[in-house]
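Asker: sharing a sequence plus its predicted fold:
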Amino acid sequence: MAFPSPASPSVRPRKSAALVIFLCFLAIVFDGYDLVIYGAIVPKLLAYEAWGLTPVQTGAIGSYALAGMFIGAILIGYLTDVVGRRKIMMVSIASFSLLMLLTAWAPTPELFGLFRFLAGLGLGGVIPTAIALTVEFSKLNRRNFNNALMFSGYAVGGILAALLSLAFLPALGFQGMLALGGIPLIAVVPLLFKFLPESPAYLAAKGERVRAEQLVADYGLEPLPPTPVKGSTPETGRFRTLLSGRLLGAMVLFCLAGICGQTLVYGLNTWLPQLMVIAKYSLASSLTFLLTVNIGAVVGVLVSSRLADRFGPRPVTAISFASSGVALVLMGTGIMPLPAMYLLVAVVGFGSVGAQILVNGFVATYFSGATRATALGITLGIGRIGAVLAISGGGILVAASLGNFINFSVWAIAAAIGVVAVLSVPRLAAPAATSSTESTEGTGTTTAATAPSKDVFLH
């Protein structure tokens, strides 16, 4: 994707793009909290005599939120390119928070599952919106790193959920832990309302060019591409653009990688505590492993994202998937001492949550600003299929009592498919411009005197 040269460094921005990235980080924290808190409360749900849930039923209920996210990510990801990122972010977080409170107060498992589904609708719109804003408010050579930094909020939310569960789950029960998901309504939404700017790319696409350029100047962003002459190029819908030609192949492979990533993320974060209990670890130790997964994800992805900016997201994402697969197989052998198990669990965190973050960054830097949120919404939405299958399938796996090696190593299949999918994404070369254009997969940066007619990266 080619952009005009950055603004002169002598022009100092009046506002910090870091604030935008931080606000997106805060929004993502509660997505991570929701993911891990369900895994942490699974043993309590199974022990709740009033409902009498089985592992299969618990897995099915856990998947309802993911089904909501599947719909929410695709629909709301598209709407962010239509009505704007700022409104979608605030509405998504507010609706998720309210429904988390209703979930905590649900009197029956049926209503519990319904509220989980509806909460997922709102939560599904947060991630594509946050990624699109982060990429847009980042310099070209820091997009993967800033996206990973922002998305580390996902793992931070997981760490927070694990720590709070260790401290308060026995006293508050699963209802109290879910009720904490209502905090963003009073702690995050007001901050977004006051400080979150609208997307300059969205404003420019809607004809508000002056306002968009003012935001670019205020935040020191990359200059906007020139406004195309009306009728100079054929206009197509966002879905049609993404689902035709070579971009269709890329979308299919990105969706497959997303399915694999979310299979690992949601399957392991939901069922790891129970799998560790089955492997004869205490519940407290199992929650500590859950904490280790998310610490490994934060540390690993911050390092790997810098490598992705340097060498390109393709090889680094593939290595992330591969590392999680190898670690899972080793965990299943049952011969690893406790320190080695903690190390392997940290590697799994990097290779599951980390790989998913890198996939999102790959998508965000692969497509143009006009279609970025829509592409992310499709990828994340379709990826929820993996999350639904993982949570439901994990319950079946636990109920089947197949042994520790199968319990752990079966997840490595998703990691292997993820490696193949990422390495198979087609390399799209921008057509020749009227003057010299250079694009480098290694750095993920593009320089051009004149922007090419098609806005794509060479990856």
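Answerer: Alright, I've got the coordinates.
Asker: switch to C-alpha atoms for all contacts and neighbour counts from now on
Answerer: Noted.
Asker: domain parsing for this protein?
Answerer: Residue ranges for each domain of the chain read 17-225+237-426, 433-459, as given by automatic domain parsing.
Asker: gap between the first one and the chain center?
Answerer: Domain 17-225+237-426 has its average C-alpha position 4 Å from the chain's average C-alpha position, going by Cα atoms, centre = their mean, to the nearest Å.
Asker: hang on, the earlier thing: need the domains of the chain in TSV (columns: mean neighbour count and mean pLDDT).
Answerer: Formatted as TSV, the entries for the domains of the chain read as follows, by neighbours: other Cα atoms under 10 Å; pLDDT from 0 to 100:
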stretch	mean neighbour count	mean pLDDT
domain 17-225+237-426	22	85
domain 433-459	18	35
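Asker: isn't there a helix covering residue 262?
Answerer: Yes. Inclusion of residue 262 in a helix is indicated when DSSP: H, G, I helix; E, B strand; the rest coil is applied.
Asker: ok, residue 31 - contacts?
Answerer: With contacts defined as Cα atoms under 8 Å, 6 or more residues apart in numbering, residue 31 is in contact with 123, 154, 157.
Asker: sorry, slip of the keys, the one I care about is residue 348.
Answerer: With contacts defined as Cα under 8 Å, 6+ apart, residue 348 is in contact with 293, 296-297, 323-325, 327-328.
Asker: residue 165 against residue 177, yeah?
Answerer: Yes. Because the distance of 7.3 Å satisfies Cα atoms under 8 Å, residue 165 is recorded as touching residue 177.
Asker: who touches both of the two?
Answerer: residue 37.
Asker: quick one, helices of the stretch 151-300 of the chain?
Answerer: Along the stretch 151-300 of the chain, the stretches classed as helices by DSSP state H, counting those that start in this stretch are 184-187, 189-195, 200-205, 209-219, 238-242, 245-278, 283-311.
Asker: of all those, which one is nearest residue 356?
Answerer: With respect to residue 356, and counting by Cα to Cα, the nearest of those is helix 245-278 at 4.9 Å.
Asker: which residue is the nearest non-sequential neighbour of residue 390?
Answerer: Nearest non-adjacent residue to residue 390, counting by Cα to Cα, 6 or more residues apart in numbering: residue 267, 4.6 Å away.
Asker: for the one you found, what are its contacts?
Answerer: Residue 267 is in contact with 387, 390-391, 394, counting by Cα under 8 Å, 6+ apart.
Asker: any idea how far residue 261 is from it?
Answerer: 10 Å (Cα to Cα, to the nearest Å).
Asker: could you measure from residue 403 over to residue 279?
Answerer: As judged by Cα to Cα, residue 403 and residue 279 stand 9 Å apart.
Asker: then residue 336?
Answerer: Residue 336 is 12 Å from residue 279, by Cα to Cα.
Asker: ok, the nearest residue to residue 307 once chain neighbours are set aside - contacts?
Answerer: Leaving aside its chain neighbours, residue 307 sits nearest to residue 316 (6.9 Å; criterion: Cα to Cα, 6+ apart). Applying Cα under 8 Å, 6+ apart to residue 316 gives the contacts 304-305, 307-308, 358.
Asker: just confirm residue 316 is within a helix.
Answerer: Yes. Looking at residue 316 with three-state DSSP, it is inside a helix.
Asker: any idea how far residue 290 is from it?
Answerer: 24 Å.
Asker: would you confirm that residue 125 contacts residue 72?
Answerer: Yes. Judged on Cα under 8 Å, residue 125 makes contact with residue 72 at a distance of 5.6 Å.
Asker: could I get the helices of the stretch 151-300 of the chain as a markdown table with distance to residue 84?
Answerer: As requested, the helices of the stretch 151-300 of the chain are exported to a markdown table (distance: least, Cα to Cα, whole Å):
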| stretch | distance to residue 84 |
| --- | --- |
| helix 184-187 | 20 |
| helix 189-195 | 13 |
| helix 200-205 | 6 |
| helix 209-219 | 12 |
| helix 238-242 | 15 |
| helix 245-278 | 23 |
| helix 283-311 | 27 |
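Asker: among those helices, which is nearest residue 24?
Answerer: helix 189-195 (8.8 Å).
Asker: output that closest one as CSV, nothing but the C-alphas.
Answerer: Coordinates of each C-alpha in helix 189-195 appear next as CSV, following Å, rounded to 0.1, in the frame of the first residue of the first chain:
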residue,chain,number,x,y,z
VAL,A,189,-17.0,5.0,27.7
PRO,A,190,-16.7,8.5,29.2
LEU,A,191,-13.0,8.6,28.3
LEU,A,192,-13.8,7.5,24.7
PHE,A,193,-16.5,10.2,24.5
LYS,A,194,-14.1,12.9,25.6
PHE,A,195,-10.8,11.9,24.0
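Asker: and for that helix, what's in contact with it?
Answerer: Under the criterion Cα under 8 Å, 6+ apart, residues 20, 23, 86, 90, 93-94 lie in contact with helix 189-195.
Asker: at 6 Å instead, please
Answerer: Outside of helix 189-195, the residues that reach it under the criterion Cα atoms under 6 Å, 6 or more residues apart in numbering are residue 90.
Asker: can you pull out the helices in the stretch 301-450 of the chain?
Answerer: Assigned by DSSP H, counting those that start in this stretch, the stretch 301-450 of the chain shows helices spanning 313-332, 338-349, 355-366, 372-400, 404-409, 412-424.
Asker: redo those as JSON lines? Include distance to residue 64.
Answerer: Formatted as JSON lines, the entries for the helices of the stretch 301-450 of the chain read as follows, by distance: least, Cα to Cα, whole Å:
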{"stretch": "helix 313-332", "distance to residue 64": "26"}
{"stretch": "helix 338-349", "distance to residue 64": "23"}
{"stretch": "helix 355-366", "distance to residue 64": "20"}
{"stretch": "helix 372-400", "distance to residue 64": "7"}
{"stretch": "helix 404-409", "distance to residue 64": "23"}
{"stretch": "helix 412-424", "distance to residue 64": "21"}
